[in-house]
Structure formats: structure tokens, C-alpha cells
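In: no FASTA, just this:
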């Protein structure tokens, strides 16, 4: 069985991806390989950050791995918060980040947005990128108790509820991360996902 590291310490991401990778790989987290340091994300793009994290793990620990970076892009804010999604307000506080977005969109009619996730995979000397995207718009106020991050203000296309209000099975089935993981799983020859 091949070993594959997911270069993240985010328990929500680990759970979401692990469930979909199937049994063909011995799935390891950063904790499993003893990586406790902060991995740099300094490139300014989702693609660059994902590759930077995967290369860090491969170079320092020697494992085949994949890393993900994701962001919320809002048209009226010139695609911000983008790569700064996790700390848009200056901290990693989700409520403060959402409050900043809602304040910046006050009075704005055009609220189109998208979540994008990019996964970088390194196996041996080969590198590949997989992108997942879900379009939608920003609600006028926070709603819902489920999910994490910006879920209480993001309404995905073809729905009237925020990610935080939708049942988790629906959210996980249509999320940007789920769509990127489906492409990764297909590339790895794992079980097929119906998305």
C-alpha cells in the first residue's frame, strides 16, 4: 500500500478528504509524520501556495504528498479575500473575517462570489494540480450553525441556503474542495465520486 501525506493540520479538511480517498493509500497527516512547524504560504496565488506546501513536505520529509489551498473570491471586492481568506481581518477569527466582508459589501447589489480550491500532488518527480470551484453569492447576513470558515455567508449556486444551513452531506458533495478531491481521486485511480 502506498503512503500519501495530506499537508495540512486542519482537522476539517483531513476528515473531508480522508473519507474520499479510498483504500488504495495509507493516508497520513502532518501530525502522523511529525511535522509541527508552520509551512510557508507566501506565493500570492492558490496554485503557488499549494505547490509550495507540497514541495516543503516532499523536500523535508521525503513523502509523496498533496497540499491544498483554497480561497473565497468576491467579484465586487476585486476577488478578495482570495489567498488571504483565512486571515482577512488580520486574524484567523472566522466571525471577524465574515464581518469584514459583510461590512465591505454593505449596500452592494452585485454579490457574486466563488470558492476555489487547488490541490497540488507530488509523486516521485511528478507534480500535478487539480482545481475545484463552486460559484454562488454572499448573503447579506450570517446564517446557519454548520460548517466552518465563511460557510454562514456563502450561498452556493442553485441553492437558497448558506453552506452553514445546508445539510453537511449536500455541502460536502458540492464544495470546491470536494470537486478538487474528486479530480485527485480520479487521477490516483481511487473510487469514483458522483459530483
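Out: Received the coordinates, thanks. Keep in mind the model is a prediction, meaning the values are calculated, not measured.
In: do you know how far residue 135 is from residue 72?
Out: Distance of residue 135 to residue 72, given as CB to CB, to the nearest Å: 12 Å. C-beta: built from backbone N, CA, C; applies to glycine.
In: ok, now residue 57?
Out: The gap separating residue 57 from residue 72 is 25 Å, by CB to CB.
In: who's more crowded, the two?
Out: Comparing residue 57 with residue 72 by other CB atoms under 10 Å, the one with more neighbours is residue 72, at 27 against 24.
In: From the centroid of the protein, which residue is nearest?
Out: Most central in the chain under CA atoms, centre = their mean is residue 70, positioned 3.9 Å from the mean C-alpha point.
In: Surely that one and residue 116 touch.
Out: Yes - contact between residue 70 and residue 116 holds when scored by CB atoms under 8 Å: they sit 6.3 Å apart.
In: shared neighbours of these two, anything?
Out: Common neighbours of residue 70 and residue 116, using CB atoms under 8 Å, 6 or more residues apart in numbering, are 46, 176.
In: Just after the strand or helix carrying residue 100, pick out the following helix or strand.
Out: When elements are assigned from DSSP states H and E, residue 100 belongs to helix 94-104. Sequence-wise, the next helix or strand downstream of helix 94-104 (DSSP H and E) is strand 112-123.
In: what distance separates that following strand from the middle of the whole chain?
Out: Distance of strand 112-123 from the chain centroid (CA atoms, centre = their mean, to the nearest Å) equals 6 Å.
In: Now do the buried residues in it.
Out: Neighbour counts over strand 112-123 (16 or more other CB atoms under 10 Å) mark 113-122 as buried.
In: Mind checking the pLDDT average for the helix holding residue 100?
Out: Throughout helix 94-104, pLDDT has a mean value of 96.
In: tell me the angle that helix makes with strand 112-123.
Out: Counting by axes from the mean of the first three to the mean of the last three CA atoms, to 10 degrees, helix 94-104 points 140 degrees away from the direction of strand 112-123.
In: what does helix 94-104 contact?
Out: So helix 94-104 is in contact with 72, 74, 77, 81, 85-91, 138, 140-142, 148-150, 152-153, going by CB under 8 Å, 6+ apart.
In: can you count the residues close to residue 133?
Out: 15.
In: Now do the same contact list for it.
Out: Here residue 133 is in contact with 114-117, 176, 179 (CB under 8 Å, 6+ apart).
In: how about those in CSV, adding pLDDT and distance to residue 104?
Out: Shown next, in CSV, are the contacts of residue 133 (pLDDT from 0 to 100; distance: CB to CB, whole Å):
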residue, pLDDT, distance to residue 104
114, 98, 17
115, 97, 17
116, 97, 19
117, 95, 23
176, 92, 21
179, 92, 27
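In: Tell me the buried residues in the longest helix along the chain?
Out: Among the segments of the chain that qualify as a helix by DSSP state H, the longest is helix 46-61. Of all the residues in helix 46-61, those buried under the rule 16+ other CB under 10 Å are 46-58.
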